[in-house]
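Enquirer: Coordinates only, no sequence provided:
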């Protein structure tokens, strides 16, 4: 499977993402700059983490209005898988590709630590390498990861299985409603999450718990 | 040219941790009886038009598309 990594000014986790995708799929992803209006023919588009446009206005707000996002929206509608991690999640929300919003952490502090995630829905294209209910370790590093949505939307995403990851065992680092760490769209091909699975894929990272997400999305589960 | 001011505030029911922290700081400065502090944003803009109706329509579009996140925020447009 071929993948693409989107690059924007201020995104700084792109290299980690490229390394993870390359190591897990065996093929380096194509990189795509924000001003491009067309995407290469890929099966997975990834928006990595960082601080696009200095988090001005709102996290991800400016990035979500860049030309490349129109192309990503069109691909998402066509069924191509789109993954947003951390700032990438914020960008997907601001672009309207996912429901809800991310606000300042309830503690008002930047959190950089490891949390535990429950795989709430293991029947998605991003999580089938995991078992339902499996608890995995995953690093987080963010200031605005406090997921919020109105009661109606919350009931809908909980009911549809769109809540894919939840902070487990009292590790919610940011005050997210219902401990939500990652959500997908109703169609199931767009996923956003605050934690950084790309930073826990091999022994040198201290574990490989994040590997399953990429193995699922890249369809290399057996590898 | 028209000058405009857009004010963006959090919707009711949306928790505002920053507002809470500010409320706490006001309390520690001795300002008692301060409640429901909510933090928002103000944008001052100048528009190259004399047509106020057009300015209002354009500003509404700007708020919907960029200045506010309507999932969590409300906005008001004023011509001071």
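Expert: Structure received. Predicted model only: the values in this text are computed from it and were never measured. Residues are numbered from 1 along each chain as shown, chains lettered A, B, ... in the order given.
Enquirer: Can you list the low-confidence ranges for chain A?
Expert: A:221-223 (pLDDT under 70).
Enquirer: Run a quick neighbour tally on residue 32.
Expert: This is for chain A. When neighbours are counted by other Cβ atoms under 10 Å in any protein chain shown, residue A:32 registers 22. Where C-beta positions appear, they are placed from N, C-alpha and C, glycine not excepted.
Enquirer: I was after chain B.
Expert: When neighbours are counted by other Cβ under 10 Å, residue B:32 registers 7.
Enquirer: next one: residue A:138
Expert: 25.
Enquirer: in what helix or strand does it lie?
Expert: Using DSSP states H and E, residue A:138 falls within strand A:135-142.
Enquirer: That strand and chain B, any residue contact?
Expert: No: Strand A:135-142 lies out of reach of chain B by Cβ under 8 Å from any Cβ of the partner chain, never closer than 13.9 Å.
Enquirer: in chain A, what residue is nearest chain B?
Expert: Residue nearest to chain B within chain A (Cβ to the nearest Cβ): residue A:101, separated by 4.2 Å.
Enquirer: Quick check, that residue in contact with residue B:72.
Expert: Yes: look at residue A:101 against residue B:72 with Cβ atoms under 8 Å: they come within range, at 4.6 Å.
Enquirer: Could you pull out the residues contacting both of the two?
Expert: Listed as contacting both residue A:101 and residue B:72 by Cβ atoms under 8 Å, 6 or more residues apart in numbering or on different chains are residue A:148.
Enquirer: near chain A, which residues of chain B show up?
Expert: B:13, B:14, B:15, B:17, B:18, B:21, B:65, B:66, B:67, B:69, B:71, B:72.
Enquirer: May I ask you to confirm that the third one is in contact with residue A:175?
Expert: In other words, residue B:15. Yes: counting by Cβ under 8 Å, residue A:175 is a contact partner of residue B:15 at 7.5 Å.
Enquirer: Now for those two: what residues contact both?
Expert: Shared contacts of residue B:15 and residue A:175, counting by Cβ under 8 Å, 6+ apart, come down to A:106, A:146.
Enquirer: Those two: which has the busier surroundings?
Expert: residue A:175 (18 against 15).
Enquirer: now the residue lying closest to the more buried one once chain neighbours are set aside: how far from residue B:17?
Expert: Spatial nearest neighbour of residue A:175, excluding adjacent residues (Cβ to Cβ, 6 or more residues apart in numbering or on different chains): residue A:106 at 2.7 Å. Distance, residue A:106 to residue B:17, using Cβ to Cβ, to the nearest Å: 5 Å.
Enquirer: in chain B, which spans are strands?
Expert: Assigned by DSSP state E, the strands in chain B fall at B:2-10, B:41-47, B:73-78.
Enquirer: Equivalent analysis for chain A, please.
Expert: A:3-7, A:30-33, A:44-47, A:81-85, A:101-103, A:111-119, A:135-142, A:146-148, A:163-167, A:180-184, A:190-193.
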